[in-house]
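J.: Provided below for reference: sequence and predicted model.
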Amino acid sequence: MAEGRQLAAIMFSDIFGYTTLMGSDEDLALEVLHKNREIHLSLTGKYNGKLIKELGDGMLVQFKSALEAVLCALEIQQKAHTGLEAKLRIGIHLGDITIDHEDIFGDGVNVASRLQTEADPGGIYISEAVAEALGGKKDIVFHYLGELHLKNVRHPVKTYYLESEWLLQPSRDKIRSLQTTKKHPKRTYLAAGLLLITLIIIVWWYLSHFEQGIQAVAVLPVANMSGDSTKNILLAGIHSGIRDEIASIHAIRVPSRTTTNKYQGSNLTIPEIARELNVDAVVEIDLYEIGDSIRLQVRLIKAYPEESQIWGEMFEKDTRNILSIYDEIALAVARESDIDLSSDEISRFSTVQVIDPDAYDAYLTGISHMYSLSRQGINTALEYFEKSLAIDSSYAPTWAGIALAWAFQVTQGIAPSSEVLPKFEKAMAKAVELDSTLAEIHYSLAVTYVWNFWNWEKAEKEFYKTFEIDPNHVEALAFYSHYLNIMNRKGESSPYIEKALKLEPYNTLVQSLYGMHLNHTRQYEKAIKLLNNTLDEDPDNVIALTALWTNCHNSGMYEEAIEQAAKLYEVSGEERAYEELLEGYRIGGYRTAMDRVAKAYTLKKDSTFYPAWRLATLYMRADNKLATIYWLEKAYEEHDVNVTYISVDPIFDAIDDEPRFQKMLKEMGLTRVKPY
């Protein structure tokens, strides 16, 4: 007999992955179920709740108020986080229920149950009714997730997720999709079809990862557990060092440090991170102590079919032996991944490497300054590299760092190539002499032979050596595609840059270089769409802004080109150029704007080093062919790194037949192929 209808807060929770756990370890599964029941029973009474029923590994609980339901759910998740070897999903809704003896039915139960199904493992989802009932409770933080279309619920449910230090949050992609996707009733069958396809893909992806074992590993940023907040540079160095050692194993793909850095402090689960990066496992690193000795906790966690730690070890060593820890970790990852190392790899990882801690610290500090790519940053980097060498001159990466710092002086327009190249060559030769097995050294040589020396044959050999050591070196793949375009081997170039983008789809440098590749191959519309997406994520990315400006210009989108040029000058702090650009555009349009900026920089050329290449491209955009050729010849004399692109950049179509332009191409050993 029905006892009536009433409004109630309903909480539904279950243990994520319990069925899989039961199949793999029945004793552990029963222990988890028992602990979960104890947690629920003790806290339900504390918050005046009533346990209605247990549904296998799930619990259905009724509360008198939304606040009591949420407070209970938060404490349950806190207890589960610290004392339960499983993750819970909880859904809460405030709605009508029908009471029939000791059981309840109705919309309140149905919505709570469906919200639980949608919730992230370790998370809590609440309906809008619950959110409104909470009012302005400052100690309860929740965020709008989107409208969920729940099974057997006729109307979409506006849903929120709770935030707390022990709760896992939905991924950015999930939030973005829920907040932007609008469903239409007429598209029900299409949506169902797409869902079926998606499920098939997911099942295939899970099974393929499970069956193939570990073939790709992401090394996550180092977590600082030492209490010393001044160690950020060292943390980055440890992250990079471990990543590079594992990446040198032929059979494992490892995303770059740039790509994995975004997961610093992330609330994403291991499977979510693995899915985004298309890897099978992750390496987690905690730094507990650093001084005369270092203490690192390292874990290898497999993401599929269920998140599980397959190896973990605490490393405690004298800080002078920090490099040997990197080797030991790489060996452990290879062992746990059932990878047979080559004799060269075994020899490399078995070599004892010792470095003075102060020398290593100075090297890492130099690296951190160098990649700002500013004049001050590069000069400061050189000072720290020299300090490192004064302590320990046998560390090859320091010599490679010096070489790259000099090369960056040229690429950033700080110093002419003729002044820098001898210093680069000396430092890089020393690096190769000390350790010829480092992929980074051969990669640095490859790009420098292309853009600094214009030695095409040696460049390709160094690219090949890089790929022999690390076939998945993302930056090398991207820049090799540019090299092939410069060589007018465009039919070969796309697979390399596309592989780089597939390996690291979130790497904004690779995205920007792909945008330039699309410019070289005259796929402007595709490039513009890609680069706009890149700048949505990284608005101040100078390479992406430059590439977008160029693509807009070459496709005749001059209003958009002006907009990107203005953003570039603003981000770069070039106030005079910014002002001349806008004033020129106001009085005479695009070409007048380009001409005014070019002339403003031409006037500064005698007193301030300003790359002739930039003047050439500005005059080309202003349709001043004579000035373009004049400044291109100056850029050629300066050995500007960008002159290499005269064989492929569409911006020079208008001067392709000019004898002086053809003379430069011939002297550089390049050709420009028609038709376009």
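T.: Yes, it's here.
J.: can you map out the helices along the stretch 351-500 of the chain?
T.: Remark: helices of the stretch 351-500 of the chain, listed N- to C-terminal, are 357-370, 375-391, 396-411, 417-434, 439-448, 456-469, 474-486, 490-503; assignment by DSSP state H, counting those that start in this stretch.
J.: list the buried ones in stretch 658-669?
T.: Using 16 or more other CB atoms under 10 Å as the test for burial, stretch 658-669 gives Glu658, Phe661, Met664, Met668. Just so you know, the C-beta spots here come from the backbone N, C-alpha and C atoms, and that holds for glycine as well.
J.: actually stretch 263-270, not the one I typed
T.: Tyr263, Ser266, Asn267, Leu268, Thr269, Ile270.
J.: the third one against Leu168, yeah?
T.: Yes: the pair Asn267 and Leu168 qualifies as a contact (CB atoms under 8 Å) at a distance of 5.7 Å.
J.: of all the helices of the stretch 351-500 of the chain, which lies closest to Ile325?
T.: helix 357-370 (12.1 Å; CB to CB).
J.: taking helix 375-391 as reference, get the angle to the closest one.
T.: Angle between the axes of helix 357-370 and helix 375-391 is 160 degrees (criterion: axes from the mean of the first three to the mean of the last three CA atoms, to 10 degrees).
J.: follow-up on the earlier one: looking at the helices of the stretch 351-500 of the chain, which is closest to His40?
T.: Evaluated with CB to CB, the helices of the stretch 351-500 of the chain place helix 490-503 nearest to His40, the distance being 44.0 Å.
J.: what about the strands in this protein?
T.: With DSSP state E as the criterion, the chain has strands at 2-16, 50-55, 58-63, 87-100, 103-105, 123-127, 141-148, 157-163, 217-219, 223-224, 281-290, 293-302, 308-318.
J.: now mean neighbour count too, for these, in JSON lines please.
T.: Output for these, formatted as JSON lines (neighbours: other CB atoms under 10 Å):
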{"stretch": "strand 2-16", "mean neighbour count": "20"}
{"stretch": "strand 50-55", "mean neighbour count": "14"}
{"stretch": "strand 58-63", "mean neighbour count": "23"}
{"stretch": "strand 87-100", "mean neighbour count": "22"}
{"stretch": "strand 103-105", "mean neighbour count": "16"}
{"stretch": "strand 123-127", "mean neighbour count": "28"}
{"stretch": "strand 141-148", "mean neighbour count": "16"}
{"stretch": "strand 157-163", "mean neighbour count": "21"}
{"stretch": "strand 217-219", "mean neighbour count": "27"}
{"stretch": "strand 223-224", "mean neighbour count": "16"}
{"stretch": "strand 281-290", "mean neighbour count": "20"}
{"stretch": "strand 293-302", "mean neighbour count": "20"}
{"stretch": "strand 308-318", "mean neighbour count": "13"}
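J.: worst mean pLDDT among the ones you listed?
T.: Taking each of these in turn, the one with the lowest mean pLDDT is strand 103-105, at a mean of 66.
J.: coming back round to it: could you dump the helices of the stretch 351-500 of the chain to CSV with mean neighbour count and distance to Leu60?
T.: Putting these into CSV (neighbours: other CB atoms under 10 Å; distance: least, CB to CB, whole Å) gives the following:
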stretch, mean neighbour count, distance to Leu60
helix 357-370, 21, 53
helix 375-391, 18, 59
helix 396-411, 24, 59
helix 417-434, 17, 65
helix 439-448, 24, 56
helix 456-469, 18, 57
helix 474-486, 24, 49
helix 490-503, 18, 45
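J.: hang on, isn't Leu589 packed against Tyr558?
T.: Not quite, residue 589 is Gly, not Leu. Yes: at 7.5 Å, Gly589 and Tyr558 qualify as touching, with contact defined as CB under 8 Å.
J.: of those two, who's got more company?
T.: Set side by side, Gly589 and Tyr558 show unequal neighbour counts under other CB atoms under 10 Å, the larger going to Tyr558 at 17 against 13.
J.: skipping adjacent residues, who's closest to the more buried one in space?
T.: Tyr590 (3.9 Å; CB to CB, 6 or more residues apart in numbering).
J.: what of Gln264?
T.: Nearest in space to Gln264, with sequence neighbours left out and distances taken as CB to CB, 6+ apart, is Pro221 at 4.2 Å.
J.: number of nearby residues for the one you found?
T.: For Pro221, the count of nearby residues is 20 (other CB under 10 Å).
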